[in-house]
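*Asks:* no sequence on this one, just coordinates:
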């Protein structure tokens, strides 16, 4: 974007800042000096992808706690046969488990049945009656691998690519590289259906070393997704406008002394966005505007699916309004129940029947809804978790963490619908053949957004950084 | 890299050629390649003793005001840089006051310091700040982050913990009295054992018992394990900067801490339980008020409650039995065993049962048998009585207004149940409770130290925690002092010398200035573990006094500001923002200590009642003065974070919180800009400014800037603000013709006659906007 | 004395050409240096800094040579093959960088990183 069009953009955007001299870096690297820039560069100005994008929006469904995909998608008849017996040694070759030489018996829930669905013949278990109808929209990744220390660490890796904090999350990279498609809303939103923010913390939607303006914004569940969205009654719109203009001016005057400080810049900008959100956000998250049929479809009339359904319905509305990355973190299935999330070391049947029930109908409704509204082709829905679960479980009725082979999937826009990539061994311990690690997943998602992960770079500390660190391969077989 | 290898190879060659055994010509493959010449895996840096340090020589010796500066300057000069000039005095006092007291300074304080011509002006400032009781409050908040402090249990029930605030008061007082850190640690770990007659030392053990807890848990034995896990992990992280918790399920992946080591640490807590009803030695005013209020409530509701009790008494035996039978096997074994046969574990289980049981259990039983017609114990009587009970409960709720929702008359602290013998601790296979292995005795990680715990039981206590405390709070422990001084350093400079403030292990960061760290740690111990002395030295250093102005050449050479050639700017934390706005508005209630308070929260935030004692989750404090207490005192309910603090990255009270994040979101902007509460403060601030500055616009603006930013407004700013006022007045006036006319006036103005209300309203908007600016919410 | 001279001589000859097998510890610190080098390489390719990238790649080539020798003497065939493969990738990266084909160099760098991981699955202590 050259200086003239920047000026036009700013004038059109009504930011009214003119005359503030600032310098800073250009998104994408490079530097420009205060002398030449006569106005504030909008770091969220929309930017072109590297090549034509297949999708415009990512809805990232993080299944918190790590579901057992052996009980959802990855049908292992051999495991069913061997249930109750100890695990054959051969399956443990090459992996280091913390349960070496004494892993308990293999587990299979008596209630578990699997069937094939759709033209693709994809397997779904009895736990996902609604989602199974969308088998042909989904591209399964059955050889997902990751680093599986603890939930917090692996969740961090899932979202930022690294087990150590400090790196930007995928949504932040996308905001950075593509800017915002709707200046009235954050381009990166985090949704969750729990009483408080996801336990793993805001580091999972952080901007890391990217400028602060690219971080995710968490909306609250329930009736007030954003507090303080309304001006107080005695403040009219014009007065507020005048006040906010003053604020921008004061911040700009003072801020000219700290041109490298992206945090201060982001804080100034956050008021602009907050201002616009006053009008745009209530409408964006207002579910009363939805028809009864839609509300029913997403499960809003059933306690078991209500909270997650509302979250996905919000996600769909945000998709329509150009939010680029919507990170949805699953919460407890029963608000004050026994299970915080999918982490079923024990009582797997009870845990998963509740959690699956919570997500099954809403996700299916989301996919159908996107289709109905013509959004399916431009929206990527991802089912992700920090790892999977092992065929065995210490407690006898659950499963342990499995970082060596588990299932994730991508659906809707741009994917090779109705396909499966990769596989695990006969009883679902390890991947066989080509694996897909978190970097590969990120690279593939970026590719669908029209971005080459190798070219999505940011100069930090003299080093060119990218989302995939030094790794990452686009899995072409997942792309339609 | 390969040059080094070649050099090494030559060294090897020389070594061998001197006639030592090995014949290189031998082709036998070496099965375990000897690690030659490279030092065999040396002990982890943080496990090695603190080294005495010589103050480094530096070029710019004049810059060195305290030894700290020499260590810092050495690194700055090594990078070819120069330190920044001193910040101006106004900036400095605002910074120091925020850092030490957690609020902005008053204009009078600023003026006094700026004009102080005495040679020890800075020393006097530092001493004044450190002597203020608000120092203790600010440090307490930092410590409570580590102590995972909350006023409720968390989990689904999120029951109120009515006595935790006493622990908070203990911490505040400890800092204000400059209790030596080693003593501070010992009291919190074993106050009941080391000073059984000292009530404060007992309250100190609130550090241990702040774990999230689930009173509903059906497996009491497992709960014990989970509690011990929490205590061990908390102590490891907060005091030793070691992620011992990673060694629970398997040997630590990077540090030399085995599972055996981990459970040997857990063993120190094996006999630790909690008593939430310790009697106070002396009732203070708080207790008297609380008891009076409680008595009033009891009296008003006596009839109802008596009737409720009568109903429950009918079913009490069955109800209690039912409740007890809901527990899992091993818990039940302990519960139904006669007391004479109790093992230490049984003792613990039964004590917990007592703690978590109350009438609600019987009530729960009655509800189940009454509402389920198919239940074997369902009768007509149960139905009737339950209906009656429910009606009484509804009546009881009408008295909620006079039920005291804050305050207490007991102490919560650890107890070893009056016995010195401990339940066994076993290693758990993969950390799984259900897979116990070998029993272990209390011990310290063997690779860290060869020291053995010196356990001396008393008649009523195992003495284990004292042994642990003695090892931790010891000059010989290489971690304790280092970890703490690093935390204090991080408070002032935003980042620790070791960035990973709670991980001094292999996976954590190495110190960016190991000499400085060891100097501070050694000095800390030498100064008798005095925390205030440490603060004072930092406050008076040149590195702390530097300006935070940007310097292009420094940014280029050191973008992360690791060597601290520029003072790091930092956004205020949640408490500083709220407390400073309250201070500016003149509404901060200046009271220290006491039970937690409930400021109003916006509608739409989930509330309700908890299941354990049927108390509301959030009942707003009726007295406005309580609502305006410092943020430190806002009730920390684990399931209902207080929104205004929550939006500014407060501590997560579920576990040890080591580092405050700094996020920048539009939600923060919305809070500061649209919240009615903040508007209220702006109105009060506007009123204050008008009272203190008089009618002159320029004087008013200056006064506002002095309060918020410790400076006057400059010409450009005054011009901008003047234009704003004129325009804003016009907009408000125009609104008057719309019919709906509501304006926002300053509050607390002493003399308003003759003042144009429109002008006043515009002035409130000005104040509100200026308070929202970046300059307010940052420390420069 | 002659025997001593012979030993010294043969040692010096050996060191002139390559590292003494089995005497070098390929330990965590060694690998950490390589990992850092790999990250530096990736950045330099991205920034198109030819000389810096060549330097990094050459250094990695030499390191993998050492690693290969190390595993030869340990008798671990799979590790030997991975080291060989990595070395070859490092060589080809130098070719691509030298001819300014940064895209292919970048992709090859990713392949190299993957090879690292593959070997780690078996040979890295406590991943």
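*Replies:* In hand now; what should we look at? Worth saying up front: this structure is predicted, and the values here are computed from it rather than measured.

*Asks:* would you confirm that residue B:157 contacts residue B:213?
*Replies:* No: using C-beta atoms under 8 Å, residue B:157 is not in contact with residue B:213; the gap is 9.1 Å. In this view, the C-beta of every residue, glycine as well, is placed from N, C-alpha and C.

*Asks:* what about those two, which has more around it?
*Replies:* A count of neighbours by other C-beta atoms under 10 Å in any protein chain shown puts residue B:213 above the other of residue B:157 and residue B:213, at 24 against 19.

*Asks:* where does pLDDT dip in the stretch 201-350 of chain A?
*Replies:* Scanning the stretch 201-350 of chain A for pLDDT under 70 picks out A:336.

*Asks:* which residue ranges of it form strands?
*Replies:* For the stretch 201-350 of chain A, the strands defined by DSSP state E, counting those that start in this stretch occupy A:217-218, A:325-329.

*Asks:* which of those strands is buried the deepest?
*Replies:* strand A:325-329 (a mean of 26; mean count of other C-beta atoms under 10 Å in any protein chain shown).

*Asks:* so what touches that strand?
*Replies:* With contact meaning C-beta atoms under 8 Å, 6 or more residues apart in numbering or on different chains, strand A:325-329 is reached by A:57-62, A:64, A:159, A:169-171, A:174-175, A:187-192, A:194, A:198, A:204-205, A:216, A:311-312, A:315, A:318-319.

*Asks:* from the stretch 451-600 of chain B, which residue is nearest to chain C?
*Replies:* Here the stretch 451-600 of chain B gets closest to chain C at one residue, residue B:506, 9.0 Å apart by C-beta to the nearest C-beta.

*Asks:* nearest residue to the middle of chain B?
*Replies:* Nearest residue to the geometric centre of chain B (C-alpha atoms, centre = their mean): residue B:145, 1.5 Å.

*Asks:* helix or strand right after the helix or strand of chain B with the lowest mean pLDDT?
*Replies:* Of all helical and strand segments in chain B, the minimum by mean pLDDT, DSSP states H and E falls on helix B:2-17, at a mean of 45. Moving toward the C-terminus from helix B:2-17, the next helix or strand (DSSP states H and E) is helix B:67-78.

*Asks:* quick one: mean pLDDT over that following helix.
*Replies:* Helix B:67-78 comes out with an average pLDDT of 97.

*Asks:* report all helices and strands that that helix contacts.
*Replies:* Packing partners of helix B:67-78 (3 or more C-beta pairs under 8 Å, 6 or more residues apart in numbering or on different chains; DSSP states H and E): helix B:514-526, helix B:542-545.

*Asks:* next structured bit after it?
*Replies:* Following helix B:67-78 in sequence, per DSSP H and E, is helix B:89-101.

*Asks:* what angle sits between the helix or strand following that following helix and helix B:89-101?
*Replies:* Next along the chain after helix B:89-101, taking DSSP H and E as the criterion, comes helix B:107-114. Helix B:107-114 and helix B:89-101 are oriented at 120 degrees to each other (axes from the mean of the first three to the mean of the last three C-alpha atoms, to 10 degrees).

*Asks:* any idea of the mean pLDDT in helix B:107-114?
*Replies:* pLDDT averaged over helix B:107-114 gives 98.

*Asks:* chain center to the very next helix or strand once past it, what's the gap?
*Replies:* Later in the chain than helix B:107-114, the nearest helix or strand by DSSP H and E is helix B:121-131. Relative to the centre of its chain, helix B:121-131 is centred 25 Å away, using C-alpha atoms, centre = their mean, to the nearest Å.

*Asks:* ok, and what's touching helix B:121-131?
*Replies:* Residues from elsewhere that reach helix B:121-131, judged by C-beta under 8 Å, 6+ apart: B:92-93, B:96-97, B:100-101, B:113, B:116, B:118, B:135, B:532, B:535-536, B:539-540, B:545.

*Asks:* buried subset of those?
*Replies:* B:92-93, B:96-97, B:100-101, B:113, B:135, B:532, B:535-536, B:539-540, B:545 (16 or more other C-beta atoms under 10 Å in any protein chain shown).

*Asks:* and which of those residues is nearest chain A?
*Replies:* Closest to chain A, out of all of those and judged by C-beta to the nearest C-beta, is residue B:92, at 16.9 Å.

*Asks:* I'd say that closest one and residue B:548 touch.
*Replies:* No: here residue B:92 does not reach residue B:548: they are 10.4 Å apart, not a contact under C-beta under 8 Å.

*Asks:* so what pLDDT did the residue lying closest to residue A:380 once chain neighbours are set aside get?
*Replies:* In this structure, residue A:380 finds its nearest non-sequential neighbour in residue A:55, 4.4 Å apart by C-beta to C-beta, 6 or more residues apart in numbering or on different chains. Residue A:55 carries a pLDDT score of 97 in this model.

*Asks:* ok, now which ones touch residue A:55?
*Replies:* By C-beta under 8 Å, 6+ apart, the residues touching residue A:55 are A:377-380, A:412-414, A:448-449.

*Asks:* from these, pick the one nearest residue A:343.
*Replies:* When these are compared for distance to residue A:343 (C-beta to C-beta), residue A:380 comes out closest, at 26.1 Å.

*Asks:* can I assume the closest one is in contact with residue A:58?
*Replies:* Yes: using C-beta under 8 Å, residue A:380 makes contact with residue A:58 at a distance of 4.9 Å.

*Asks:* so what sits against both of the two?
*Replies:* Overlap of the contact sets of residue A:380 and residue A:58 (by C-beta under 8 Å, 6+ apart) consists of A:445, A:448-449.

*Asks:* and chain B, which of these reach it?
*Replies:* Among the shared contacts of residue A:380 and residue A:58, none lies close to chain B by the criterion of C-beta under 8 Å from any C-beta of the partner chain.

*Asks:* identify the residues contacting the host helix or strand of residue B:670?
*Replies:* Using DSSP H and E, the element containing residue B:670 is helix B:666-674. Residues from elsewhere that reach helix B:666-674, judged by C-beta under 8 Å, 6+ apart: A:186, A:217-218, A:226-232, A:244, A:267, A:270-271, A:273-274, A:277-278, B:577, B:643-644, B:647-648, B:678, B:768, B:771-772, B:777.

*Asks:* what about stretch B:599-617, start to end distance?
*Replies:* The straight-line separation of the ends of stretch B:599-617 (C-alpha to C-alpha, to the nearest Å) is 13 Å.

*Asks:* give the rounded mean pLDDT of that stretch.
*Replies:* 73.

*Asks:* what's the answer for stretch B:329-339, then?
*Replies:* 90.

*Asks:* over to stretch C:118-127?
*Replies:* 75.
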